[in-house]
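# Predicted coordinates and the sequence they were generated for:
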Amino acid sequence: MPLILSASSSQVKIDGKTIEGLQSIEYRVIRERRDIDAIGSSERIGVDYGATRVEGRITVISVCPELDEKLSKPIEEASFQIVAELKRGQAIRTVTFDECYLENKEVSLEANGVLVTTYTFTATRVREE
């Protein structure tokens with residue numbers, strides 16, 4: 001049976017502090033892959049995997065002061081951790097992003113008059129428990 005988690009029961013924390021006004025968190029894991037081609041044939045004989053990258057986006061209503069602060073810090077002080085506790089009833093799945101860095105920040109004013117900010121980050125690794 002599938003594990004269905006609820007956004008209204010879940011929370012996301014940056015360095016232990018809950019993000020207020022969270023609208024969404026998205027992420028993807030990208031594995032570098034190279035085909036190993038057979039000499040004299042159009043078929044591959046194997047696959048070689050390289051580094052794994054983690055990219056994500058956090059969207060909040062208004063702004064997130066904790067993330068804004070990370071943008072203004074020198075790179076050696078800008079690393080942070082994101083922990084997403086995804087829940088529904090007694091079911092819980094924890095997704096942890098280690099050694100995160102902000103890549104950019106996008107701000108828009110929506111038609112309903114609410115400021116929405118999207119922060120794009122990268123992480124060294126993601127752990128799902």
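Nice, thanks for sending it over.
# Could you look up the SS state of the residue sitting furthest away from the middle of the chain?
Outermost residue of the chain with respect to the C-alpha centroid, by C-alpha atoms, centre = their mean, is Gly40; its distance is 42.4 Å. Secondary structure assignment for Gly40 (DSSP: H, G, I helix; E, B strand; the rest coil): coil.
# strands paired with whatever helix or strand Lys13 lives in, and their directions?
Assigned by DSSP states H and E, Lys13 belongs to strand 6-14. Strand pairing for strand 6-14, determined by DSSP bridges: strand 17-18 (antiparallel), strand 80-88 (antiparallel).
# Okay, Leu3 and Glu26: tell me how far apart.
Distance, Leu3 to Glu26, by C-beta to C-beta, to the nearest Å: 18 Å. The way it works is simple: take the backbone N, C-alpha and C, and place the C-beta from them, glycine included.
# I meant Ala111, not that one.
Ala111 sits 22 Å away from Glu26, going by C-beta to C-beta.
# before we move on, what about Arg44?
To Glu26, Arg44 is 32 Å away according to C-beta to C-beta.
# State the number of residues packed around Glu69.
13 (other C-beta atoms under 10 Å).
# pLDDT score assigned to it?
The predicted structure scores Glu69 at 92 on the pLDDT scale.
# For the chain, which residue occupies the most central location?
Centroid-nearest residue in the chain: Gly56, 3.0 Å away (criterion: C-alpha atoms, centre = their mean).
# For the residue lying closest to that one once chain neighbours are set aside, the count of nearby residues, please.
Of all residues not flanking Gly56 in the chain, Tyr27 sits nearest, at 3.5 Å (C-beta to C-beta, 6 or more residues apart in numbering). By other C-beta under 10 Å, 17 other residues sit near Tyr27.
# and the gap between Tyr27 and Arg125?
12 Å.
# just Val95 next, same as before
Per C-beta to C-beta, Val95 is found 11 Å from Arg125.
# between these two, who's got more neighbours?
Comparing Val95 with Arg125 by neighbour count (other C-beta under 10 Å), the higher total belongs to Val95, at 18 against 12.
# That one is in contact with Glu128, isn't it?
Yes - taking contacts as C-beta atoms under 8 Å, Val95 lies within contact range of Glu128: 5.2 Å.
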